[in-house]
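J.: Kindly generate the corresponding structure for this input.
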Amino acid sequence: MPMSMSGKAVAITGAARGIGAQTARDLVRKGARVALIGLEPDELASVADELGTGHPWFEADVTDPESIKTAIDESARQLGGIDVVMANAGVAPFGTVRDHDPRAFTKTVDVNLNGVFHTARAALPHLVERRGYLLVVSSLSAFAPIGGMAAYTASKAGSEALASALSSEVGHLGVAVGSAHPSWIDTDLVRDASTDLPSFRAMRAKLPWPMHSTTNVADCSRALVAGMERRARRVYVPRSVMLMHWLRNLPSSRLVERLMLPMVRKLLPQMEAEVAELGRGFSSRNDKLQRK
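T.: Numbering: from 1, shown residues only. Sure thing, here's the model as predicted:
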């Protein structure tokens, strides 16, 4: 039987906007108390005000172990414990391996993979105490890699593997661990990439079903909350992404590589040129955040 979220205490990283903020709203509607954690204090404060009293926010960097530990510990103090943690903070850089800014690649792994580790490690004492649940927001990209997204794919595949290993480590302690695998979600991150890179838009349009589908933030949030209620091992958004999980070796097969070759020959050099012209490895919003 799914657990009720009413009265549960939930901490969410990357909660200032997009998936994190919407999931917080949906959880509060179900009676949960939520702590918002992220890098954008003005946005965090705005979401907290919208949620009403009893939902604190904390500015913290998931790549800094002390910063995220302080935020998690203070969340537990103010909420009276933590039942669920959603490790949602993430970034997506631009570019191919051949021309990638090494700093952007390293930062992506630091946020998307190391940040999950730091979040999980800080949260585990509280989750063990309440026999709670950790949901790691990975991606469809973890098992359906495409060119031009090597840093994102590598980091999200790593976070999926981390969640799987952690699940086997803490199950005997009563803690459940799941990973969520959204496809393209209509967030600032995806919209900014589409605005900055025409090649990115063209590549997405040519991907086969279900790899090209876009889900709105509200539907994604509902799926994540339902996953929390089930303490799910995996959450697929949309559910058709489950097919790509079971066919995870298909995107890197020789057959698919041959089918994709005409598109790759055209669009990846275009992407490299567009990124070089932009002069940055992230969207303008994420570039400012990563330089903090």
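
J.: buried residues in stretch 158-172?
T.: Buried residues in stretch 158-172, counted by 16 or more other Cβ atoms under 10 Å: 158-160, 162-164, 166-167, 170. The way it works is simple: take the backbone N, C-alpha and C, and place the C-beta from them, glycine included.

J.: Now do Val84, the pLDDT please.
T.: On pLDDT, Val84 comes in at 98.

J.: now swap in Ala202 and tell me
T.: For Ala202, pLDDT reads 61.

J.: any low-confidence regions in this protein?
T.: 187-213, 242-261, 263-268, 270-271, 274-275, 280-292 (pLDDT under 70).

J.: ok, now with 90
T.: 1-3, 92-102, 104, 140-150, 183-215, 238-292 (pLDDT under 90).

J.: Please enumerate the helices of it.
T.: 18-29, 41-51, 65-79, 102-109, 115-130, 150-170, 188-196, 198-206, 217-230, 241-246, 254-278, 284-290 (DSSP state H).

J.: Report how many residues lie close to Glu40.
T.: 19 (other Cβ atoms under 10 Å).

J.: and if you look at Met1?
T.: Counted with other Cβ under 10 Å, Met1 comes out at 5.

J.: measure it to Arg77 for me?
T.: 30 Å (Cβ to Cβ, to the nearest Å).

J.: now do Lys30
T.: In terms of Cβ to Cβ, Lys30 sits 23 Å off from Arg77.

J.: Same question for Asn112.
T.: Separation of Asn112 from Arg77 (Cβ to Cβ) stands at 28 Å.

J.: Compare those two (neighbour count), which wins?
T.: Between Asn112 and Arg77, counting by other Cβ under 10 Å, Asn112 is the more crowded of the two (28 against 13).

J.: so how many other residues sit close to the residue nearest to the more buried one when sequence neighbours are not counted?
T.: Distances taken as Cβ to Cβ, 6 or more residues apart in numbering put Ser155 closest to Asn112, at 3.5 Å, once the chain neighbours are dropped. Using other Cβ under 10 Å, Ser155 has 29 other residues around it.

J.: residue contacts, Ser155?
T.: Each residue near Ser155 by Cβ atoms under 8 Å, 6 or more residues apart in numbering is listed here: 90, 108-109, 111-113.

J.: again with Arg222
T.: Asp26.

J.: Distance check, it against Phe94.
T.: Taken as Cβ to Cβ, the span from Arg222 to Phe94 is 30 Å.

J.: Check Gly80 too.
T.: 42 Å.

J.: Between the two, which is the more surrounded one?
T.: Phe94 (30 against 9).

J.: so the more buried one makes contact with Glu277?
T.: No: Phe94 lies out of contact with Glu277 (Cβ atoms under 8 Å); the separation is 10.9 Å.
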